[in-house]
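*Asks:* how would this look folded up:
(one chain, ligands or ions: 2)
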Amino acid sequence: MSEPVLVTRDLKRSFVQGDVTIEVLRGVDLEVAPGEIVALLGPSGSGKSTLLQAVGLLEGGFQGSIRLAGEEASRLDDEGRTRVRRELLGFVYQFHHLLPEFNAVENVVLPQLVKGTQPEAARQRARELLGTLGLSERLDHRPARLSGGEQQRVAVARALANKPPLILADEPTGNLDEHTADVVIAEFLRLVRGEGTAALVATHNERMAAKMDRVVRLHEGRLE
Ligand code: ADP
Ligand code: MG
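*Replies:* Ligands and ions are numbered 1, 2, ... in the order given. Purely as a prediction, here's the structure:
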């Protein structure tokens, strides 16, 4: 069997506020296999975002082990973390975080240029991804001229642009109405499966979670 793309061991994260310490993650053990789509289910406040931020190396302050494609996060310096984020991870958030002054294609091209892809190849990849997501007619629209569902599709295309082995998605359809959320998540899953990318998708929606390959639940700081 090939090596997991993500392994966490006894991952702990707490926040100190005044005299109070909130233990959010109390020992999370998680493995995600290459190409596997895992739903991270839990009610609001259960620590889903905290877990994704730790795994995404967006903040330190955790204890325990995080290995991404075999690289131990705690052994990486700032530069190493930036490299791992760029080479191994794609992010989708609840709000799209697209660059407002750039159109849809440009938003998907930019991370590829940062990685060193040639501009024409990057544009080609962007057009393909956006086309697969039904946005062929919206390529030159800026985010403000896209609907919420379209904005999230662009954010999905951007996350996949560099073919990362693991996508981290934090309630990627949490800001959409129910029908649009269903359509966008179905397209997200189809595209991610087609690309063979693994994904860890935080959601509080049981029905949505059931569409993924496996469901893990955050309860009192651990997975069950
Ligand atoms: P979820 O994403 O499942 O809704 P979060 O990971 O955002 O949950 O939050 C889990 C808990 O951690 C909450 O009680 C939240 O208030 C607390 N928390 C998250 N981030 C911080 C922070 N930076 N400082 C203090 N407490 C935090
Ligand atoms: Mg959250």
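*Asks:* Quick check: end-to-end length of stretch 43-54?
*Replies:* Length of stretch 43-54, first residue to last, Cα to Cα, to the nearest Å: 18 Å.
*Asks:* So it, near ligand 1 or not?
*Replies:* Yes: using Cβ under 6 Å from any ligand atom, stretch 43-54 reaches ligand 1 at Ser44, Gly45, Ser46, Gly47, Lys48, Ser49, Thr50. Any C-beta I mention is one placed from the backbone N, CA and C, and that applies to glycine too.
*Asks:* who's in contact with the residue nearest to the spatial centre of the chain?
*Replies:* Centroid-nearest residue in the chain, with Cα atoms, centre = their mean: Leu168, separated by 2.0 Å. Each residue near Leu168 by Cβ atoms under 8 Å, 6 or more residues apart in numbering is listed here: Leu52, Val55, Gly56, Leu89, Gly90, Phe91, Val92, Ala199, Leu200.
*Asks:* Can you flag which of those belong to strands?
*Replies:* Using DSSP state E, the subset of those located in strands is Leu89, Gly90, Phe91, Val92, Ala199, Leu200.
*Asks:* sorry, back to before: now secondary structure and distance to Ala210 too, for the residues of stretch 43-54 next to ligand 1, in JSON lines please.
*Replies:* Putting these into JSON lines (DSSP: H, G, I helix; E, B strand; the rest coil; distance: Cβ to Cβ, whole Å) gives the following:
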{"residue": "Ser44", "secondary structure": "coil", "distance to Ala210": "19"}
{"residue": "Gly45", "secondary structure": "coil", "distance to Ala210": "22"}
{"residue": "Ser46", "secondary structure": "coil", "distance to Ala210": "18"}
{"residue": "Gly47", "secondary structure": "coil", "distance to Ala210": "21"}
{"residue": "Lys48", "secondary structure": "helix", "distance to Ala210": "17"}
{"residue": "Ser49", "secondary structure": "helix", "distance to Ala210": "21"}
{"residue": "Thr50", "secondary structure": "helix", "distance to Ala210": "24"}
